[in-house]
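*Asks:* below are the sequence and a predicted model for it; my questions follow.
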Amino acid sequence: MHKVDPMEVMLSDIFDKVFYNRERKPDYCWDCDGEGIVDVEVYRPHNVDRDIGVIDVKPMECETCGGTGRVEVEDE
């Protein structure tokens, strides 16, 4: 399973905004940044097969946008 490094994601977002001037469009979901998937921390406790507890990351469908990456934007 591919591990997601939160620092790498944050630096990638900053890099895109600074060097490529990629800004999030208003109708993109703010929780998943338009991806439709968010990384959720899963706590795996100590047990017989694991000598220490770990925090793992599991990709899941974004609840805010339902996995579409877009949200309804109401006109003010």
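*Replies:* Sure thing, it's come through. Numbers count the residues shown, from 1 in each chain.
*Asks:* R50 and V57, how far apart?
*Replies:* In this view, R50 and V57 are 16 Å apart by CB to CB, to the nearest Å. (Each C-beta comes from the backbone N, C-alpha and C, glycine too.)
*Asks:* wait, D33
*Replies:* Distance from D33 to V57, by CB to CB: 16 Å.
*Asks:* do Y28 as well
*Replies:* Counting by CB to CB, the gap from Y28 to V57 is 22 Å.
*Asks:* show me where the chain has its helices.
*Replies:* Ranges of helices in the chain, per DSSP state H, are 6-19.
*Asks:* quick one: the strands in it, in order.
*Replies:* Listed in chain order, the strands of the chain (DSSP state E) span 37-44, 54-61.
*Asks:* point to the residue nearest the middle of the protein.
*Replies:* V38 (3.4 Å; CA atoms, centre = their mean).
*Asks:* state the distance from the residue in the chain sticking out farthest from the centre to V42.
*Replies:* Most distant from the centre of the chain: V48, at 30.9 Å, with distances by CA atoms, centre = their mean. Distance from V48 to V42, counting by CB to CB: 19 Å.
*Asks:* what about the lowest-mean-pLDDT helix or strand in the chain, distance to the chain center?
*Replies:* In the chain, no helix or strand scores lower on mean pLDDT, DSSP states H and E than helix 6-19, which sits at a mean of 74. Centroid separation for helix 6-19 versus its chain: 13 Å, with CA atoms, centre = their mean, to the nearest Å.
*Asks:* which secondary structure elements does it contact?
*Replies:* In this structure, helix 6-19 makes packing contacts with no helix or strand, judged by 3 or more CB pairs under 8 Å, 6 or more residues apart in numbering; DSSP states H and E.
*Asks:* any stretches of the protein with poor pLDDT?
*Replies:* Along the chain, the model assigns pLDDT under 70 to residues 1-4, 18-26, 74-76.
*Asks:* identify the bridge partners of the spatially closest residue to I37 that is not a sequence neighbour.
*Replies:* Of all residues not flanking I37 in the chain, P59 sits nearest, at 5.0 Å (CB to CB, 6 or more residues apart in numbering). For P59, the beta-bridge partners under DSSP bridges are D39.
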